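>>> Dropping the sequence and predicted coords here.
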Amino acid sequence: MLAVALFAVMVYGIFWLLERRRGRNKAGRTNSRPRTPQKRTLGPDDDEEFLRQLEQRRRRAAREEAARDTKKDDPEESDPDGTGHRSSPE
C-alpha cells in the first residue's frame, strides 16, 4: 500500500513540474524564440474594405431610389398635357 502511495506522489510531482514548465513557456519567460503574434479574425465591422463596399452599395441604392422617385413625381412624364390622363404614343 505504501508503494502505491509513493508511486502516486511521484507521478503527481512529475505532472506538476511538466505543467509548471509548460506554463512558463506560454508566458514567454523561458522561451528563447520570440512568439509570432497570431492573426486575429476580423469581424465585418472591423474590416475597412467591407465597410467601404457597404457604404458604396448604400449610396448606389439611395441614388437609384432617388432616381425612381423623381421619375414617379415628374408631372411632365406622367401628364404632359395637364388633363390628368397619360398620353399614349401616336
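Yes, it's here. Small disclaimer: the values here were computed from a predicted structure and weren't measured.
>>> after the strand or helix carrying I14 comes which helix or strand?
According to DSSP states H and E, I14 maps onto helix 2-27. For helix 2-27, the following helix or strand on the C-terminal side (DSSP H and E) is helix 48-73.
>>> Show me which positions of that next one end up buried.
For helix 48-73, the buried set under the neighbour-count rule, 16 or more other Cβ atoms under 10 Å, is empty. C-beta here means a position set from N, CA and C on the backbone, and glycine is covered the same way.
>>> quick one: average pLDDT of that helix?
Throughout helix 48-73, pLDDT has a mean value of 90.
>>> Ramachandran coordinates for Q38?
Torsion angles at Q38 (phi, psi; degrees, to the nearest 10) stand at phi -80, psi 140.
>>> Give the buried residues for the helix holding I14.
For helix 2-27, it's none, nothing buried (16+ other Cβ under 10 Å).
>>> Could you pull up the mean pLDDT of it?
86.
>>> how near is Q53 to D45?
Per Cβ to Cβ, to the nearest Å, Q53 is found 13 Å from D45.
>>> cool, T36 as well?
The value you get for T36 to D45, if Cβ to Cβ is used, is 26 Å.
>>> before we move on, what about Q56?
16 Å.
>>> Check G13 too.
Taking Cβ to Cβ, one finds G13 at 49 Å from D45.
>>> How about K71?
K71 is 35 Å from D45, by Cβ to Cβ.
>>> got it, and Y12?
Distance from Y12 to D45, by Cβ to Cβ: 48 Å.
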